[in-house]
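**Q** Pasting a predicted model and its sequence here:
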Amino acid sequence: MDVGAGRCGGRACYGVSLSRASVWRLLTGRLGWSLQRPGRRAVERGESEIARLIAHEWPRIKRGP
């Protein structure tokens, strides 16, 4: 995996080529980055609207036309 971007990539200018594992160790260990994952539920989630949908709309949808 070449490190760097733009006209002068890592290998072209510096002769550096790192494996994926090395890049991961660099990002997490030395730079303190972490894997980001979304939360379980959206903040904008409308619980009352979901309850209405399940109670009124879902039976109609499940039945079909």
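**A** It's in. Nothing here was measured: the structure is a model prediction, and the numbers come from that model. Numbers count the residues shown, from 1 in each chain.

**Q** for the protein, what helix or strand is lowest in average pLDDT?
**A** In the chain, no helix or strand scores lower on mean pLDDT, DSSP states H and E than helix 10-14, which sits at a mean of 69.

**Q** ok, then the element right after that one?
**A** On the C-terminal side of helix 10-14, the nearest following helix or strand under DSSP states H and E is helix 20-25.

**Q** Quick check: mean pLDDT of the helix or strand following that next one?
**A** Counting by DSSP H and E, the next helix or strand C-terminal to helix 20-25 is helix 47-52. Average pLDDT, helix 47-52: 90.

**Q** quick one: helix 47-52 to chain centroid distance?
**A** Centre-to-centre, helix 47-52 and its host chain are 27 Å apart (CA atoms, centre = their mean, to the nearest Å).

**Q** Show me the contact partners of stretch 30-41.
**A** L27, T28 (CB atoms under 8 Å, 6 or more residues apart in numbering). C-beta: built from backbone N, CA, C; applies to glycine.

**Q** And it, end to end?
**A** 31 Å (CA to CA, to the nearest Å).

**Q** For the remainder of this discussion, apply numbering that starts at 478.
**A** All right, first residue 478 from here; so that's stretch 507-518.

**Q** Name the residues of it that come out as buried.
**A** Buried positions in stretch 507-518, judged by neighbour count with 16 or more other CB atoms under 10 Å: none.

**Q** Rounded mean pLDDT for that stretch, please.
**A** Taken as a whole, stretch 507-518 has an average pLDDT of 81.

**Q** And it, how far out from the chain middle?
**A** Centre-to-centre, stretch 507-518 and its host chain are 9 Å apart (CA atoms, centre = their mean).
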